[in-house]
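Peer 1: okay, sequence plus prediction incoming.
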Amino acid sequence: MAADTMTDIAEPIVIKKAKRESQFALMWRRFRQHKLALVSLWIILAFYLVALLAEFLAPFDPAQYNPRYTYAPPQGIEFFSTNEDGSWSFGPYVNGYKSEIDPKAMRRTFVIDEESKIPVEFFVPSKPYMLAGIIPMSVKLFGVTEPRAPLYVLGADRLGRDLLSRLIHGTRISLSIGLAGVTLSLFFGIIIGGFSGYYGGWFDSAVMRVIEFIRSMPTIPLWLGLAAALPKDWSALQTYFAITIILSLIGWTELARVVRGRFLSLRTEDFVTAAQLDGASDWRIITRHMVPSFMSHIIAAATLAVPGMILAETALSFLGLGLQAPIVSWGTLLQDAQNIRTLASAPWLLAPGLCVVIVILSLNFFGDGLRDAADPHGR
Amino acid sequence: MVRFVTGRLIAMVLTIWAVSFVAFAIIQLPPGDYLTTYMATLAANGDRVDPAAIEALRRQYGFGEPYLIQYWKWVSGIVLRGDFGQSFEWKAPVTTLIWGRLGNSILVEGLAVIVMWLIALPIGIYAAVRKYSLGDYLATIGGFIGLAIPNFFFALILMYLSFVWFGETIGGLFSPGMENARWSLERIWDFATHAWAPILVLSTAGTAELIRILRANLLDELKKPYVTTARAKGLSEVRAILKYPVRVALNPLVSTIGWLLPALVSSSVIVSVVLNLPTAGPLLLRSLTSQDMYLAGAIIMLLGVLTVIGTLISDLILAWIDPRIRYGSK
């Protein structure tokens, strides 16, 4: 009998699936409309590329000093040189320096010497080094081949070290510490904040008291004390990780608070009650119904936390409590620009601050674009 | 409401107790104590170190005794006698050193908070209501720049510019003769001519943050049906926006006061160092580096207590404007 009915049934109609785009593709499409965010994304990628290729891009070792060129001003790179017959040819060069005695201040100052030309070449051979610690290389993107010729594209600091090289190496430290700190914070923030907001009760109160307590401590004194307690004989890497952990000790609280707040307000929403009445498990309600509805907020909070971390590291190092001297970060570089007398004679030492501003601006615009793109209620 | 408030008050007392404990722990964290630093300086200056005198000092301050006993000596003095101990470096009671500076801190930070809200509220509302207008973009960009410039970097730039353009160095809160004068019109004017720089620097980041949050919150609210209902009922646009969505959007904003304060206190430490302000910040930095532990402990403790009180106030305001908080978490 079963066989009879089977024969009568027509071929099942194949329903063609409409072409669907993944959530990511939809987000990317909307994100692209946000031009500022797109530009910011490229800027951020460029900075991280610089951080990755620091040894290749920096013309000198960040610790290489030259007492002959203390506070030498920035040289502009000229890309075209004029030949004797008046024609132009491509050949980047920088001008050398001549030193003059400032009659008022009675000290040596450098002036760009238009007469002397030092050719700048690409892919110059250098001492062998390890790119990003893994790839052995012995060539730099650009540099001078003449021995002892000065090349200070962004000027020199008080020991005659090349600011550009130091800035490039500082980029690696400052950017990675922001990322590492936020990853740690996000991990703790989502787990603790999620549990706290969803289950409420004594756990929530306990967590809230801990968060309130940590946040009630002004961070700088807290970091100060912790950083001062770090053993002085720790290696650069150990200090780096210790500072990362110290930064995320405070950082997780902000993210946990955002997550908890969203959970609290969503817990009483109709669609959550409906899911509960349908017998969905807690895990399913959290992951399928609640998290997607405030994903954009978590993303916005996390991207906003990265600049916070970078700023914190910069501020700490600036005060001399974060990363210490042999490590080069934007903060330790700005330490040299602390007093007005140095600033007045060598304003180019503020360049690391400019990098901080650009990166933080870009991260903020990027985060804003992401938020708009991930927002299910948006446009 | 009464239950809510008493609960919060008890929590506050417990928090303050924890603050005191951690403040003391942090002071204890660095290896060695003030006496070892003191002896090192004496030795560096070529002075002879008298072991008997050092031993007497050690006993007097309880160094070397168990942690809890040292803590008890410290905290009972504060609670029972208002005695924060002795500053080793300044050779004076801590209380005589900090109150004036703490007052300056509160003054500068309080003014910065007021400036922040006065600027952020109208701009934030405008930016949300006129989304993607020229004004919104300007406010957003301006806000982002304010957020992106580290406070101390902004202070450095202000210092540099005023030196290059006007040949003046900005810094301090009062002219040299005015520091200890009594408050008068003249002194207020003197204060105003000095304090604009730190207040400007301190309020930028917070203003930017407030605008950003208010705009985001308000944008979420403006899409909700009740706003359409309000408009459909014929309410004027101003009323339809100010009466409901702005009030809802203010709710998360009020809870930001709680963490705005510690951030402000933190950044004022750095800005005070850069601009050389007579606030608690530079004193704290100095005392921590020289391990003047009673002074450092007192400052950390008091700054912590101030921020806890600030958080309590923001919690109370939040409960006042939002019944869900008041009755929600029992």
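Peer 2: Noted; the coordinates are in hand.

Peer 1: in terms of secondary structure, what does the lengthiest helix in chain A contact?
Peer 2: Identified as the longest helix of chain A according to DSSP state H is helix A:163-199. Packed against helix A:163-199 by the contact rule (3 or more C-beta pairs under 8 Å, 6 or more residues apart in numbering or on different chains; DSSP states H and E) you find helix A:35-52, helix A:54-57, helix A:201-216, helix A:236-267, helix A:291-319, helix A:330-334, helix A:351-374. For every residue, glycine as well, the C-beta is placed using N, CA and C.

Peer 1: check which residues of it are buried.
Peer 2: Neighbour counts over helix A:163-199 (16 or more other C-beta atoms under 10 Å in any protein chain shown) mark A:163-178, A:180-182, A:184-186, A:188-190, A:192-198 as buried.

Peer 1: over to stretch A:271-281?
Peer 2: So for stretch A:271-281, counting by 16+ other C-beta under 10 Å, buried means A:272, A:275.

Peer 1: what does the stretch 151-300 of chain B put close to chain A?
Peer 2: Residues of the stretch 151-300 of chain B that fall close to chain A, judged by C-beta under 8 Å from any C-beta of the partner chain: B:151-153, B:156-157, B:159-160, B:163-164, B:169, B:216, B:220, B:223, B:252, B:255, B:258-259, B:262-263, B:265-267, B:269-270, B:273-274, B:284-285, B:288-289, B:296, B:299-300.

Peer 1: from residue B:95, how far out is residue B:302?
Peer 2: Going from residue B:302 to residue B:95 by C-beta to C-beta, to the nearest Å gives 10 Å.

Peer 1: cool, residue B:125 as well?
Peer 2: 44 Å.

Peer 1: and the host helix or strand of residue B:99, what other elements does it pack with?
Peer 2: In the assignment (DSSP states H and E), residue B:99 maps to helix B:94-129. Counting contacts by 3+ C-beta pairs under 8 Å, 6+ apart, helix B:94-129 packs against strand B:86-87, helix B:134-148, helix B:185-222, helix B:237-243, helix B:257-275, helix B:280-289, helix B:293-321.

Peer 1: weakest of the ones you listed by average pLDDT?
Peer 2: Sorting the helices and strands packed on helix B:94-129 by mean pLDDT places strand B:86-87 lowest, at a mean of 74.

Peer 1: that strand: partners in the sheet, and parallel or antiparallel?
Peer 2: When sheet partners are counted by DSSP bridges, strand B:86-87 sits next to strand B:92-93 (antiparallel).

Peer 1: show me how far the partner strand is from its chain's centre.
Peer 2: Relative to its chain's centre, strand B:92-93 lies at 25 Å (C-alpha atoms, centre = their mean, to the nearest Å).

Peer 1: next: stretch A:325-341.
Peer 2: 18 Å.

Peer 1: got the end-to-end distance for it?
Peer 2: Chord length of stretch A:325-341, first to last residue, is 21 Å (C-alpha to C-alpha, to the nearest Å).

Peer 1: let me see the mean pLDDT of the longest helix of chain A.
Peer 2: Mean predicted confidence for helix A:163-199 is 86.

Peer 1: where are the low-confidence patches of the stretch 201-350 of chain A?
Peer 2: The model of the stretch 201-350 of chain A has pLDDT under 70 over residues A:216, A:228-229, A:232, A:296.

Peer 1: got the phi/psi numbers for residue A:95?
Peer 2: Main-chain torsions, residue A:95, degrees, to the nearest 10: phi -90, psi 150.

Peer 1: I'd assumed residue A:111 was in contact with it.
Peer 2: No. With contact defined as C-beta atoms under 8 Å, residue A:95 does not count as touching residue A:111 (9.7 Å).

Peer 1: these two - which one has more neighbours?
Peer 2: Legend: neighbour count by other C-beta atoms under 10 Å in any protein chain shown for residue A:95 and residue A:111, higher for residue A:95 (18 against 11).

Peer 1: from chain B, how far out is the more buried one?
Peer 2: Look at residue A:95 and chain B: by C-beta to the nearest C-beta, to the nearest Å, they are 24 Å apart.

Peer 1: and what of residue A:58?
Peer 2: Residue A:58 is 23 Å from chain B, where distance means C-beta to the nearest C-beta.

Peer 1: now for that residue, how many residues are close by?
Peer 2: 23.

Peer 1: what of the one 3 residues further on?
Peer 2: A total of 16 residues lie near residue A:61 under the criterion other C-beta under 10 Å.

Peer 1: from what I can see residue A:136 touches residue A:55, true?
Peer 2: No. Residue A:136 sits out of contact with residue A:55 when judged by C-beta under 8 Å, with a separation of 10.7 Å.

Peer 1: relative to helix B:293-321, how tilted is the helix holding residue B:99?
Peer 2: 40 degrees (axes from the mean of the first three to the mean of the last three C-alpha atoms, to 10 degrees).

Peer 1: can you pull the buried residues of helix B:94-129?
Peer 2: For helix B:94-129, by 16+ other C-beta under 10 Å, it's B:94-95, B:97-98, B:101-102, B:104-105, B:108-109, B:111-113, B:115-116, B:119-121, B:123-129.

Peer 1: now do stretch A:338-348
Peer 2: A:338, A:340, A:343, A:346-348.

Peer 1: list the contacts of the spatially most central residue of chain B.
Peer 2: Note on chain B: the residue nearest the mean C-alpha position is residue B:265, at 2.1 Å, using C-alpha atoms, centre = their mean. Residue B:265 is in contact with A:218, A:220, B:105, B:109, B:303, B:306-307, counting by C-beta atoms under 8 Å, 6 or more residues apart in numbering or on different chains.
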